[in-house]
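**Student:** Okay, sequence plus prediction incoming.
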Amino acid sequence: MSADAPPPGYLAAEPGILAWFRTLDHKRIGLLYLFSITGFFMIGAAAAACMRVALLSPQGNLIVSDTYNRLFTLHGVVMIWFFLIPAVPNVLGNFVLPLAIGARDVAFPRLNLASWYIFMAGGALVLYAIAAGGVDTGWTFYTPYSSTYSNGHVMAMAAGVFIAGFSSIFTGLNFIVTIHRLRAPGLTWFRLPLFVWSLYATSIILVLATPILAITLFLMALERGLGVGVFDPKIGGDPLLFQHLFWFYSHPAVYVMILPGMGVVSELFACFARRRIFGYRVMACALLAIAALGFLVWGHHMFVSSQSLYAGLVFSLLSFLVSVPSAVKVFNWTATLHRGSIRLDTPMLYALGFVALFTIGGLTGLFLASLAVDVHVHGTYFIVAHFHYVMVGGMVMAYLGGIHYWWPKISGRLYPEWIARSSAVIIFLGFNLTFFPQFVLGYLGMPRRYAIYPPEFHTLNVCSTAGAAVLGLGYLLPLIYLPWSFFRGAPAGPNPWDATGLEWRTASPPPPHNFEETPVVTAEPYDYPPPP
Amino acid sequence: MTSSSASATSSAREAEQSVTNRLGLWVFLATEVLFFGGMFVAYVIYRHTYPEAFRAGARLMEFGLGTTNTAVLLVSSFFMALGDRAARAGDRRQLRRCLLCVATLGVVFLGIKAVEYHSKFADHLVPGPDFSGTRGPLEIFMTLYFAMTGLHALHMLFGLGAISWLLWRNAGGRPVPVEPVAMVGLYWHFVDCVWIFLYPLFYLPGR
Amino acid sequence: MKASRDLLLVLAALLALLALSAASTLLPPAPWKTAAGLAIAMMKLAVIALYFMRLREHRGLTRVFAAAGLFWLGLLAVLVLSDYLTRGRLH
């Protein structure tokens, strides 16, 4: 084997392009997802770029309002269901999970491949809906607009999301059974890496919440397609029932997005501060607590919807409660850094960025949990800024950190460090420049989902668009240097980061069956030597 | 490794896989509980809001057919359980007889359902522009009736497909499909359980 | 057949429960009938789950998974009802 090429591993095992579409290897399936979601990300980002450019002019000189509505719907649907939800679980989770628990593959490999095909089928329908003219209801599909009045391709879009939901359900099912049944000898629950715990908590949400989305979209489609309905006020139906059912899924869905990111960040902090995670068991329990409590707070999306005030009070209290385990995690990450020997490699930069931006996003979430404040900022850019801070500043940074961390394992090669670090910094700066002004805009009263706005908001909008350009540049760079490194990067070796974790005990890239011999676990997780 | 210890290892592995499969199927059934459950919640909300309309709606249902159908499904579950036992005992012919009984009863169920649906169409009780009388909460009841029993019937169809597949797998030459029968059995019993709750919700109120 | 006697008993129990709900319609309408109908349905569910779906033998994790769906559905129902049952009361 030549000195400047990594071992062939799983990448060369089944030759030919067609083999990729018939593979049962979780590592290859992870890469299939990587390509797919990157494509969807670019589509969603293109829509965002159009919107930000359009928002450079208060009078909406670039595009008409109807087009703008279709753009933000596209952006929401694609980014949420076809990028954010699958990103960490289906790319990093699929690749890393069996390796991290010392298994050969997931519990149901054929179901795993089927999940990807189902995901693509849903995606195809959504792309068709977009190409055919799109939908203007927003990603939330509220009735009666979606079911009765909208002129867009609601059925196709909803069908695409419905189908993609089954991909989520099957992935969650697979991960739960895998973690219960396929752990290596000696790998007890409290020796599992936190990334595995986070995938478990996420999978519980995927399995229990997504079916409600499915039935809700089904009922909405029934109303639209057949003119019959349970949400139709004309026959005594309640549009709020749609909202309750929709948000019962969609709030836990945001925890589907963030929990795996939190798991990744724990791995990154442990490795790049070379310390045990502070309060490991509490961190594991916090993940489960966030998953469980996350099911009980959905009404905070409906404070001004005319749900009963009593329900609003209950949901407000529960929303304050769910912030507690998240905050505990932030404190524990910080404590992990204390007296650690910190290396500012690219993954660590992303992890640090995550904690900073997730904290801001999370704190602003508390403002929103407070009924009175929410009445003022609901439907404004304050909300938009809040969720972009947690989803983009949080989850996407964690995803990129994870991609860079496990890239040597996935590809067998190292990416170029200095470009990668610069990208991380550009992304951090661009992100803040884009979204911080939106907090101000929202508080001052600029509504969201509007193509035109009063001229006094002009400057901040220009600022936000400038930031978006910087952010876009930051995202573009990894799209160039990562594929480059796949072919030209230096060979990584089995453990370039000198990290703990079973995945680092096998070759980079791993052989198709992952381990030559099933590893036996005797140590606690993150058993880095204690600081001097 | 001697052949006896090899087969001991392989049967241990089969037992392990059986537990794994079973856990996976129960997770799937949990998702189905929530899938149907969303509509059950909608039913509860609207029954609370429009109790009279829901009672009137249930009185329009064909009680005899609904009760018969419930019995049909309960008996089919019996045969499914019997077939599962036969499969585990390796009794290919008994399994075949049981699967045929389950399939027949499933078809009977769908046939009765078709009769019911047809009479709803004939009486203009299908929600939509053609609905008889004033449009109102009764229409919500009927929408839920068609949505819930319709999705249930769709699940029955999938179940019948699975039973057919089992009959094919059971045909001579290959080993008796113990695991597939167990998995399909769990699914079939679940679909029966959904109907067990649809019955008191749609056929009993107001009587 | 000997082996199937216990299953036949289970079926007999299920059909008896069904007969009970059907017979309840002979009585005049009354508020307790809804609860009774649901209670009978839950008993049928328990019987099928324990005997036909073999939860009586499969302890531990299988039972937890089996219960989880119903429990979560309960959470949905309770919290949604917290809206509908209190509308018009606290405004």
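**Tutor:** Thanks, I have it. Numbers count the residues shown, from 1 in each chain, chains lettered A, B, ... in the order given.
**Student:** For the rest of this, base every contact and every neighbour count on C-alpha atoms.
**Tutor:** Fine.
**Student:** contacting residues for whichever residue of chain A sits closest to chain B?
**Tutor:** Distances between chain A and chain B by CA to the nearest CA are smallest at residue A:235, namely 4.1 Å. By CA atoms under 8 Å, 6 or more residues apart in numbering or on different chains, the contact list for residue A:235 reads B:135-137, B:139-140.
**Student:** Make sure I have this right: residue B:129 is in a helix.
**Tutor:** No. According to DSSP: H, G, I helix; E, B strand; the rest coil, residue B:129 belongs to no helix; its state is coil.
**Student:** Would you quantify the distance from it to chain C?
**Tutor:** Separation of residue B:129 from chain C (CA to the nearest CA, to the nearest Å): 28 Å.
**Student:** Residue A:247 too?
**Tutor:** Look at residue A:247 and chain C: by CA to the nearest CA, they are 11 Å apart.
**Student:** can you count the residues close to the residue nearest to residue A:182 when sequence neighbours are not counted?
**Tutor:** Excluding its sequence neighbours, the residue lying closest to residue A:182 (CA to CA, 6 or more residues apart in numbering or on different chains) is residue A:103, at 6.0 Å. As a burial measure, residue A:103 scores 24 neighbours (other CA atoms under 10 Å in any protein chain shown).
**Student:** likewise the one 3 residues further on?
**Tutor:** Around residue A:106 sit 26 other residues, with neighbours defined as other CA under 10 Å.
**Student:** Quickly find the element holding the residue nearest to it when sequence neighbours are not counted.
**Tutor:** Excluding the flanking residues, the one nearest residue A:106 by CA to CA, 6+ apart is residue A:178, at 5.5 Å. Using DSSP states H and E, residue A:178 falls within helix A:154-181.
**Student:** packing partners for that helix?
**Tutor:** helix A:109-131, helix A:194-226, helix B:3-49 (3 or more CA pairs under 8 Å, 6 or more residues apart in numbering or on different chains; DSSP states H and E).
**Student:** Which one of these lies nearest to residue A:522?
**Tutor:** Between residue A:522 and these, the tightest spacing by CA to CA is seen for helix A:194-226, at 16.8 Å.
**Student:** State the mean pLDDT of the closest one.
**Tutor:** Over the span of helix A:194-226, the pLDDT mean works out to 95.
**Student:** And for stretch A:381-398?
**Tutor:** Per-residue pLDDT over stretch A:381-398 has a mean of 97.
**Student:** distance between it and the chain's centre?
**Tutor:** A distance of 10 Å separates the centroid of the chain from that of stretch A:381-398, by CA atoms, centre = their mean, to the nearest Å.
**Student:** Could you do stretch B:23-31 as well?
**Tutor:** Offset of stretch B:23-31 from its chain centre (CA atoms, centre = their mean): 15 Å.
**Student:** And chain C, is it touching that?
**Tutor:** Yes. Counting by CA under 8 Å from any CA of the partner chain, chain C has neighbours in stretch B:23-31: B:23, B:26-27, B:29-31.
**Student:** Just the closest of the residues you listed to chain C, please.
**Tutor:** residue B:30 (4.3 Å).
**Student:** The residue in the stretch 401-532 of chain A that chain C sits nearest to: what's it in contact with?
**Tutor:** In the stretch 401-532 of chain A, the residue found nearest to chain C is residue A:521; the distance is 23.3 Å by CA to the nearest CA. Residues counted as contacts of residue A:521 (CA under 8 Å, 6+ apart) are A:184-187.
**Student:** With neighbour count, distance to residue A:295 and secondary structure as added columns, please give these in JSON lines.
**Tutor:** As requested, the contacts of residue A:521 are exported to JSON lines (neighbours: other CA atoms under 10 Å in any protein chain shown; distance: CA to CA, whole Å; DSSP: H, G, I helix; E, B strand; the rest coil):
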{"residue": "A:184", "neighbour count": "20", "distance to residue A:295": "32", "secondary structure": "coil"}
{"residue": "A:185", "neighbour count": "14", "distance to residue A:295": "34", "secondary structure": "coil"}
{"residue": "A:186", "neighbour count": "12", "distance to residue A:295": "33", "secondary structure": "coil"}
{"residue": "A:187", "neighbour count": "20", "distance to residue A:295": "29", "secondary structure": "coil"}
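**Student:** which stretches of chain C form helices?
**Tutor:** C:5-24, C:32-47, C:61-84 (DSSP state H).
**Student:** So which of those helices is nearest residue A:245?
**Tutor:** Using CA to CA, the nearest of the helices of chain C to residue A:245 is helix C:61-84, at 8.4 Å.
**Student:** Taking their axis directions, the closest one and helix A:194-226 sit at what angle?
**Tutor:** In terms of direction (axes from the mean of the first three to the mean of the last three CA atoms, to 10 degrees), helix C:61-84 departs from helix A:194-226 by 50 degrees.
**Student:** For helix C:61-84, give me every contacting residue.
**Tutor:** Residues from elsewhere that reach helix C:61-84 (CA under 8 Å, 6+ apart): A:208, A:244, A:248, A:296, A:307-308, A:310-311, B:22-23, B:26-27, B:29-31, B:33-34, B:37-38, B:41, B:45, C:55.
**Student:** hang on, the earlier thing: compile the helices and strands packed on helix A:154-181 into JSON lines and extend it with columns for distance to residue A:476.
**Tutor:** Compiled in JSON lines, the helices and strands packed on helix A:154-181 are given as follows (distance: least, CA to CA, whole Å):
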{"stretch": "helix A:109-131", "distance to residue A:476": "22"}
{"stretch": "helix A:194-226", "distance to residue A:476": "27"}
{"stretch": "helix B:3-49", "distance to residue A:476": "38"}
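**Student:** Quick one: these as a markdown table, columns for mean neighbour count too.
**Tutor:** Converted to a markdown table, the helices and strands packed on helix A:154-181 look like this (neighbours: other CA atoms under 10 Å in any protein chain shown):
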| stretch | mean neighbour count |
| --- | --- |
| helix A:109-131 | 20 |
| helix A:194-226 | 24 |
| helix B:3-49 | 18 |
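**Student:** Lowest-confidence one in the contacts of residue A:235?
**Tutor:** The lowest pLDDT within the contacts of residue A:235 belongs to residue B:135, with 74.
**Student:** Three-state assignment for that one, please.
**Tutor:** Following three-state DSSP, we place residue B:135 in the coil state.
**Student:** how about the nearest residue to it, chain neighbours excluded?
**Tutor:** Per CA to CA, 6+ apart, closest to residue B:135 is residue A:235, 5.8 Å.
**Student:** okay, now the residue lying closest to residue A:516 once chain neighbours are set aside: neighbour count?
**Tutor:** Spatial nearest neighbour of residue A:516, chain neighbours left out: residue A:506 (8.0 Å); criterion: CA to CA, 6+ apart. When neighbours are defined as other CA under 10 Å, residue A:506 has 20 of them.
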